[in-house]
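>>> Sequence unavailable; structure follows:
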């Protein structure tokens, strides 16, 4: 009510001023009225402060579908969600103007469910489902149909999810959807395709070998808790999926069929279907296509949170990258944030850490000539039992020589966020307002992108908030929650990955400007010069690194 009164007084005051004559001719009574209104506004500000009422711009009017799904104001699409008798949830999206239709289906099982003796099996199962089915037994019939009708297909396997997608000319959706659904109803998993698809997986792995992002990800696993499923090699290759299993007498085709039957269940699946058809027509297509998916009433796999233990934190990992670069990546493992999507505590933290204006960590680093870029936020590999928050700093040559100073700036900035004044409601309101604007007036996405993202989101968020959560719109201010997460972002819990090809050179040598490389210790001001790194090779990617 205080904000409403403030808006009313602001409106009244602006109306008075707008209707007034030029200042030189204002009557005295008008000036007195202006003074009175300003005084009342000031009084309301004081009352608002006393009641801790946030001074925010009015919330944008929310657009809600008939099923209660909140959507952007600019969004002309129609949405509805259904749950089939077999437990499979489907989000239907109607777009009368689209030339493309699309669909995606997310299964709540991924690479952390791989058996120990077959690293990469979940990913390999994903590949094998494209081969053929009982209803469409001709090899690659599905992919050929999609390609012949102006579309494309893909899939990806994550730690806890496997997501399948396609798009196609809008009028081919019924036939495409029927072929797609057979992945989950009656795939043949033909033995004839095993060797070919293993080679396809191995080819993917071969391409990843020269990509630093993949190398660093596997290195992160290799330096974590080796008893946790997350630490395993997820992608798979010729050695893990064919050569070694064959030597051990393991039937790989049978292993894939067993994995599919034990983990693929309708109640662990969510699909999104997008087309020019009406919602009623799309619903009938979904019912016809997916009702045959068997429901085994499985529980989603659960995993412990101990990805990193105390001995895996407080580490400096010096790594030699493929690409010539100087990067400091500081990472923390934190409690899972998915259940807190409405409060979005890490969004607030990343908003401030990633800020580039005056007074920011990046502004200071840039002014000192230490950094060219800084980004912060949760990583895309966060899990249901643990999330990852990181700060990445792209270093200059000088920053690479003064690495402890760079780390110290980040840690002290986090100290400021934890310190006097606490969490700012005004800053949170600014963040929420910006995200709401982006949500309401975003560009229209391609059908393929929409269905892929929404099918994945359905595994984590209720239908009502699907779109809001997907676009990271904060909805509830909880300063205690934000402060709790800030307590995890300390030097003793951090893992610092310092990537530069200079690690292949003697570490004690001068860096071209007379400086020497320093260890970003827990007290950087007293850091000592690092000894030469004792480089070893990570066994899967061959990444050269030293962890101390």
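Perfect, thanks for sending it. All of these numbers come straight from a predicted model, not from anything done at the bench.
>>> Please count neighbours and contacts with C-alpha atoms only from this point.
OK.
>>> Give me the neighbour count for residue 254.
13 (other C-alpha atoms under 10 Å).
>>> Which secondary structure state is assigned to it?
State at residue 254, reduced to three classes by DSSP: H, G, I helix; E, B strand; the rest coil: helix.
>>> again with residue 123
Here residue 123 takes the helix state, with states given by three-state DSSP.
>>> quick one: contacts for it?
110, 111, 156, 157, 234, 235, 236 (C-alpha atoms under 8 Å, 6 or more residues apart in numbering).
>>> what do you get if the cut-off is 7 Å, keeping everything else the same?
111, 157, 235 (C-alpha atoms under 7 Å, 6 or more residues apart in numbering).
>>> Same check on residue 272?
Contacts for residue 272 (C-alpha under 7 Å, 6+ apart) come out as 90, 91, 92, 103, 104, 105, 451, 454, 455.
>>> ok, 8 Å please
90, 91, 92, 93, 103, 104, 105, 451, 452, 454, 455.
>>> In strands, which of the residues you listed fall?
90, 91, 92, 93, 103, 104, 105 (DSSP state E).
>>> List the beta-bridge partners for the third one.
Partner residues in beta bridges with residue 92: residue 80, residue 273, with DSSP bridges as the criterion.
>>> number of nearby residues for it?
By the criterion of other C-alpha under 10 Å, residue 92 has 25 neighbours.
>>> Now for the protein, the helix or strand with the poorest mean pLDDT.
Ranked by mean pLDDT, DSSP states H and E, the weakest helix or strand in the chain is helix 2-19, scoring a mean of 42.
>>> on that earlier part again, so which of the contacts of residue 123 comes closest to residue 65?
The shortest approach to residue 65 among the contacts of residue 123 belongs to residue 157, at 31.6 Å (C-alpha to C-alpha).
>>> partners of the closest one in the sheet?
residue 162.
>>> shift numbering so it begins at 232
Let's use 232 as the start, then, which means that last one is residue 388.
>>> What values do phi and psi take at residue 729?
Backbone dihedrals for residue 729, given as degrees, to the nearest 10, come out at phi -110, psi 110.
>>> if I pick residue 477, what's in contact with it?
Neighbours of residue 477 in contact, by C-alpha under 8 Å, 6+ apart: residue 483.
>>> How much space separates it from residue 486?
Remark: distance between residue 477 and residue 486 (C-alpha to C-alpha, to the nearest Å) = 12 Å.
>>> same check, this time on residue 733
45 Å.
>>> Between these two, point out the one with more neighbours.
Shown here are residue 733 and residue 486; by other C-alpha under 10 Å, residue 733 has more neighbours (20 against 15).
>>> Leaving out chain neighbours, which residue sits closest to that one?
The shortest distance from residue 733 to any non-neighbouring residue, by C-alpha to C-alpha, 6 or more residues apart in numbering, is to residue 551 (7.6 Å).
>>> and what of residue 309?
Nearest in space to residue 309, with sequence neighbours left out and distances taken as C-alpha to C-alpha, 6+ apart, is residue 325 at 5.1 Å.
>>> The one you found: neighbour count?
Neighbours of residue 325 (other C-alpha under 10 Å): 22.
>>> now do residue 482
Neighbours of residue 482 (other C-alpha under 10 Å): 12.
>>> show me what contacts it?
residue 476.
>>> What's the per-residue pLDDT of it here?
On the pLDDT scale, residue 482 is placed at 96.
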